[in-house]
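J.: got a structure for you, letters missing:
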């Protein structure tokens with residue numbers, strides 16, 4: 001990738017400063033490269049920069065940056081001739097954790113795409129970034145309606161009439177079928193290429209033909 005050509009606008013420089021970025025931080029490749037990623041009118045609300053593990057062993061610690069704007073979260077590892085960029089929408093963010101070991105700070109951003117961990121972060125940046133992410137999560141949760149098992153099952157029963165079943169479970173024995181039909185909540189789990197497991201609570205329904213919706 002070619003070297004950075006655009007320069008950060010004064011507004012974005014002011015926003016980075018307000019987010020706690022130091023003079024040293026402003027010189028980092030990732031911070032400078034934000035001029036190519038931040039869109040017109042997008043506001044930077046929080047930034048953390050430090051080290052993240054890009055492989056196994058101490059030699060695989062790379063310089064990474066997480067940027068929270070009013071529209072999205074950006075993960076960036078940028079250096080001359082190399083750039084790794086990921087965009088995370090706020091509906092994908094599950095939470096955030098701030099860890100402190102002595103004078104060292106670490107941020108762990110939990111998302112449906114996996115965890116993004118940045119270590120050796122600036123304390124002021126860490127505080128501002130963590131508080132903003134948490135405020136977005138709280139605002140999102142407060143705006144969502146309260147869902148109960150009864151309303152979910154009702155929605156599933158309605159969907160059954162217009163949706164094809166996901167899969168037949170005819171291969172299950174009678175004891176397993178009985179158990180499934182007596183319940184309506186399950187945990188659906190997946191794993192990524194690295195073997196990390198993620199789970200989500202789901203509601204389901206088994207019909208008279210032993211098919212799961």
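T.: All right, it came through fine. Keep in mind the model is a prediction, meaning the values are calculated, not measured.
J.: so which elements touch the host helix or strand of residue 14?
T.: Under the criterion of DSSP states H and E, residue 14 resides in helix 10-18. The criterion is 3 or more CB pairs under 8 Å, 6 or more residues apart in numbering; DSSP states H and E, and the helices and strands that helix 10-18 contacts are helix 23-26, strand 44-53. In short, each C-beta sits where N, CA and C put it, glycine included.
J.: among these, which is nearest residue 183?
T.: When these are compared by CB to CB, strand 44-53 sits nearest residue 183, at 39.4 Å.
J.: okay, angle between the closest one and helix 10-18 too, please.
T.: On the basis of axes from the mean of the first three to the mean of the last three CA atoms, to 10 degrees, strand 44-53 is oriented at 60 degrees to helix 10-18.
J.: before we move on, back to that, how far does the helix holding residue 14 sit from the chain's center?
T.: 24 Å (CA atoms, centre = their mean, to the nearest Å).
J.: who does the helix or strand where residue 186 lies pair up with?
T.: Assessed by DSSP H and E, residue 186 sits inside strand 185-191. Strand 185-191 sits in its sheet next to strand 197-203 (antiparallel), going by DSSP bridges.
J.: for the chain, what spans make up the helices?
T.: Counting by DSSP state H, the chain has helices at residues 10-18, 23-26, 29-33, 123-143, 149-160, 174-181.
J.: ok, residue 47 - contacts?
T.: Listed by CB atoms under 8 Å, 6 or more residues apart in numbering, the contact partners of residue 47 are 16, 19-21, 25, 31, 65-68, 125, 128-129.
J.: neighbour count and distance to residue 112 for those residues - can I get that in a markdown table?
T.: What follows is those, written out as a markdown table (neighbours: other CB atoms under 10 Å; distance: CB to CB, whole Å):
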| residue | neighbour count | distance to residue 112 |
| --- | --- | --- |
| 16 | 22 | 27 |
| 19 | 21 | 25 |
| 20 | 19 | 27 |
| 21 | 23 | 28 |
| 25 | 20 | 28 |
| 31 | 22 | 26 |
| 65 | 24 | 21 |
| 66 | 27 | 16 |
| 67 | 25 | 19 |
| 68 | 26 | 17 |
| 125 | 24 | 24 |
| 128 | 20 | 24 |
| 129 | 28 | 19 |
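J.: let me know which of the helices and strands packed on helix 10-18 is tucked in deepest.
T.: For the helices and strands packed on helix 10-18, the largest average neighbour count (mean count of other CB atoms under 10 Å) is found in strand 44-53, namely a mean of 23.
J.: before I go, just wanted to say thanks for your time.
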